[in-house]
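A.B. asks: this one's sequence-less:
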Ligand code: PLP
């Protein structure tokens, strides 16, 4: 099937096959990766390789720590302010939809939140232009959600925040294209979209920003403690780290993030170009802010939603139902979705329109 789930999401077939081949006996060790001590030489090698590949793919500068943690991106909504306030009382947040709203609500438990810009007025169908942002020069950081998984709104530019570190929840567009890591103070992302199975939260943080966590911060969520322990202050989610390493290797074999971006642009264009040609379906997002990863679309006649989903399922296209908060459809077309999946979806959309339009 072609699986359009927003996450946990489809993974490259070659990676799953490799994992299956190595499932019972990793590299002649006689053990499954799941059965290895995280302190044994086998797993330490797997962990080091995953970090090395990620650094290479993203061009992570040497003064940034790469952490493999638990707690998810929702956990980071609390963990970020706990670690990043650094003696300041407040932080700036940009509100672009459901996931930013969650970040804002959680951060309010720990600090003064200044919502420096919001696209609420246009029902979260755009990214507010940087000229309209009302940033506080004393803020501890500026937080954005670089891709709103539910609304399908993505930043195609990097905000400029001067000396105030930029913090990004990149859960749903992480490693989907090259970025300049040095423009960010901190990047975090859950793994279950572009990286692998659920279970790891990747944090990439500039090293001068850590070491001043609030005293209430749980040790397992103190970036400095985790950095000093190679993310092994507690037992890490070993199997997901292993799978992430396989996916990083797959991306490298595709030609790295430049090649992945080209493929993602091509896939998204197939779908958005079709949406431009029809009024039977529509996507409400401002053209320049449309996500390359998550494409929400609606049928003008919502009474046909169920029939559309049923027909899709019958044709091997699954998990197209939109998020419960917005309804309609959503096609998540992460790195591992082949172009054939998007082409099949558009063919089905045309067929459905012809028979129901
Ligand atoms: N942030 C974004 C942008 C997401 O898409 C998600 C969805 O999974 C989350 C945060 C929450 O991640 P988790 O459920 O892994 O905590």
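C.D. replies: Perfect, thanks for sending it. Here the structure is a predicted model, which means the values were calculated and not measured.
A.B. asks: dump the residue contacts of the residue of the stretch 51-200 of the chain found nearest the ligand.
C.D. replies: Closest to the ligand within the stretch 51-200 of the chain is residue 72: 2.5 Å, counting by Cβ to the nearest ligand atom. C-betas here are computed from N, CA, C, even on glycine. Residue 72 sits next to 190, 198, 201 when contact means Cβ atoms under 8 Å, 6 or more residues apart in numbering.
A.B. asks: try it again with 10 Å
C.D. replies: 79, 171, 188, 189, 190, 191, 192, 198, 199, 200, 201 (Cβ atoms under 10 Å, 6 or more residues apart in numbering).
A.B. asks: near the ligand too, which of these?
C.D. replies: Filtering the contacts of residue 72 for proximity to the ligand by Cβ under 6 Å from any ligand atom leaves 171, 190.
A.B. asks: which one of the contacts of residue 72 sits closest to residue 354?
C.D. replies: Residue 354 lies nearest to residue 192 out of these, by Cβ to Cβ, at 35.7 Å.
A.B. asks: now residue 38, what's its secondary structure?
C.D. replies: What DSSP: H, G, I helix; E, B strand; the rest coil gives for residue 38 is coil.
A.B. asks: my read: it touches residue 241, true?
C.D. replies: Yes: the pair residue 38 and residue 241 qualifies as a contact (Cβ atoms under 10 Å) at a distance of 8.9 Å.
A.B. asks: between these two, which one's more packed in?
C.D. replies: A side-by-side neighbour count of residue 38 and residue 241, using other Cβ atoms under 10 Å, places residue 241 first with 25 against 18.
A.B. asks: the more buried one touches residue 53, doesn't it?
C.D. replies: No: under the criterion of Cβ under 10 Å, residue 241 makes no contact with residue 53, lying 11.3 Å away.
A.B. asks: chain neighbours aside, what residue packs nearest to the residue of the stretch 201-350 of the chain at minimum distance from the ligand?
C.D. replies: Closest contact between the stretch 201-350 of the chain and the ligand, by Cβ to the nearest ligand atom, is at residue 201 (6.9 Å). The spatial neighbour of residue 201 that comes closest, neighbours along the chain excluded (Cβ to Cβ, 6 or more residues apart in numbering), is residue 69 at 4.8 Å.
A.B. asks: tell me how far the one you found lies from residue 296.
C.D. replies: Noted for residue 69: a distance of 29 Å to residue 296, by Cβ to Cβ, to the nearest Å.
A.B. asks: now residue 285
C.D. replies: In terms of Cβ to Cβ, residue 285 sits 8 Å off from residue 296.
A.B. asks: what do these two both touch?
C.D. replies: 125, 148, 151, 152, 153.
A.B. asks: and the two most separated of the residues you listed?
C.D. replies: Spatially, the most separated pair among the shared contacts of residue 285 and residue 296 is 125 and 148, at 10.0 Å (Cβ to Cβ).
A.B. asks: the two: who's more crowded?
C.D. replies: residue 148 (28 against 19).
A.B. asks: got a list of what the nearest residue to the more buried one once chain neighbours are set aside touches?
C.D. replies: Counting by Cβ to Cβ, 6+ apart, residue 148 lies nearest to residue 97, which is 3.9 Å off, once chain neighbours are set aside. With contact set as Cβ under 10 Å, 6+ apart, residue 97 has these partners: 118-120, 123-125, 127, 145, 147-153, 325-326.
A.B. asks: recalculate using a threshold of 8 Å.
C.D. replies: 119, 124, 145, 148, 150, 151, 153.
A.B. asks: mean confidence for stretch 279-295?
C.D. replies: Mean pLDDT, computed over stretch 279-295, is 97.
A.B. asks: beta-bridge partners for the nearest residue in space to residue 10 that is not next to it in sequence, please?
C.D. replies: Excluding its sequence neighbours, the residue lying closest to residue 10 (Cβ to Cβ, 6+ apart) is residue 3, at 4.2 Å. In this entry, residue 3 is beta-bridged to residue 318, by DSSP bridges.
A.B. asks: quick one: contacts for residue 3?
C.D. replies: For residue 3, the contacting residues are 9, 10, 318, 319, 337, by Cβ under 8 Å, 6+ apart.
A.B. asks: what lines up beside the host helix or strand of residue 203 in the sheet?
C.D. replies: For residue 203, the host element (DSSP states H and E) is strand 201-206. Paired neighbours of strand 201-206 in the sheet (DSSP bridges): strand 64-69 (antiparallel), strand 186-190 (antiparallel).
A.B. asks: next SSE downstream of it?
C.D. replies: helix 223-228.
A.B. asks: now do that following helix: which elements does it pack against?
C.D. replies: strand 64-69, helix 72-84, strand 201-206 (3 or more Cβ pairs under 8 Å, 6 or more residues apart in numbering; DSSP states H and E).
A.B. asks: and with 7 Å instead?
C.D. replies: Helix 223-228 sits against strand 64-69, with contacts defined as 3 or more Cβ pairs under 7 Å, 6 or more residues apart in numbering; DSSP states H and E.
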